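> The following block contains a protein sequence and its predicted model.
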Amino acid sequence: MREPTPAEDSAELRVQSLLRYPVKSMLGETVGSLLMDEGGAAGDRRLALVDAVTGHIASAKQARLWRGLLKCTANGDTGQVSIALPDGTSVKADDPAVDELLSRLTGRTVRLVRQRPDGATLERPDPEQLLDLGLDAEVGGRILEIAQKTPGDSFTDEAPLHAITTATLDHIGVEALRYRPNLVIATPPGYPPYGENDWAGREITVGEARLRVLTATSRCVVPTLEHGPLPRAPQALRTPAAENRIDTGGHGAQPCAGTYLEVLTTGVVRVGDGVTVE
């Protein structure tokens, strides 16, 4: 991978879109502005399903059990989240019937929760094995304790925020929503794909917020799955697996696309805001 030149690194970057996902592993919504604080993006991943049998947080990373959640769409701020189901009906997150409806949908007994349990975990089967052996295969992996770097009750995986550039998305040839970012950063012509790898450890100013880039984002099987009406897209994992492997956390070189961030200074970010990488 070619590294950005100093001129490219300081070239005009801007916020193309902002996204939040009120319920973990469901489709979310595009918004015009987002408040970002130490807990991440306001209203993002503030609710999740807990499997009554295993105690794990429901995540489409374990596609065999939970990929159907990506046919649901959650909208609204934390106190007023509405979930659209695949049959076209909708239910409020605080509706007493929501657990029964979601249990019926998933075929598992689940509870929709707003407070992250201490030591909350999810299953992360090896994503490349899932592609090779099939989504319903019994594939080994690891149990991931989520949100260790995110204060509060958010159900983020490994960091408060996630960003990806249009240069990376255009190169791989997939839609941004497959990678579930909070910020999609538009890059100028000639900006290299995976250029955000080189932001690690640096600070970013975007809108009113100041952020620190933590590490590249290792990819699971989720981007390859059906997302609502979108078909499967194996290249969302296979392309970075062939081109952009990085050891981000002591688990060996993993396919990566995008970057994780934390918030240093709280502020509102708006679509169209400039992005400065220090």
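Yep, it's here.
> residue contacts, residue 18?
For residue 18, the contact set (C-beta atoms under 8 Å, 6 or more residues apart in numbering) comprises 30-34, 41, 182-184, 269-271. C-beta: built from backbone N, CA, C; applies to glycine.
> max-length strand in the chain?
strand 254-265 (DSSP state E).
> Which strands border that strand, and is each parallel or antiparallel?
Applying DSSP bridges, strand 254-265 is found paired with strand 161-165 (antiparallel), strand 209-218 (antiparallel), strand 245-246 (antiparallel).
> Could you pick out the buried ones from the contacts of residue 18?
31, 33-34, 41, 182-184, 269, 271 (16 or more other C-beta atoms under 10 Å).
> picking that back up, format the CA atom coordinates belonging to the longest strand of the chain as CSV.
Only the C-alpha atoms of strand 254-265 are listed here, as CSV (Å, rounded to 0.1, in the frame of the first residue of the first chain):
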residue,chain,number,x,y,z
GLN,A,254,-6.2,-9.1,10.4
PRO,A,255,-8.0,-7.7,7.4
CYS,A,256,-8.6,-4.0,8.1
ALA,A,257,-10.6,-1.2,6.6
GLY,A,258,-11.3,2.1,8.3
THR,A,259,-10.1,3.3,11.7
TYR,A,260,-11.2,3.5,15.3
LEU,A,261,-11.2,6.8,17.2
GLU,A,262,-11.8,8.3,20.7
VAL,A,263,-13.1,11.7,21.5
LEU,A,264,-10.8,14.2,23.2
THR,A,265,-13.0,17.3,23.0
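> from the chain's centre, how far out does it sit?
In terms of C-alpha atoms, centre = their mean, to the nearest Å, the centre of strand 254-265 is set 10 Å apart from its chain centre.
> Kindly present the strands paired with strand 254-265 as JSON lines, with separate columns for mean pLDDT.
Listed next are those as JSON lines, based on pLDDT from 0 to 100:
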{"stretch": "strand 161-165", "mean pLDDT": "98"}
{"stretch": "strand 209-218", "mean pLDDT": "97"}
{"stretch": "strand 245-246", "mean pLDDT": "97"}
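> Packed most tightly, which of these would that be?
Each of the strands paired with strand 254-265 was scored by mean neighbour count; the highest is strand 161-165, a mean of 24, by mean count of other C-beta atoms under 10 Å.
> contacts for that strand?
13, 36, 40-41, 176, 179-187, 191, 193, 195-196, 211, 217, 257-263.
> All set now, cheers.
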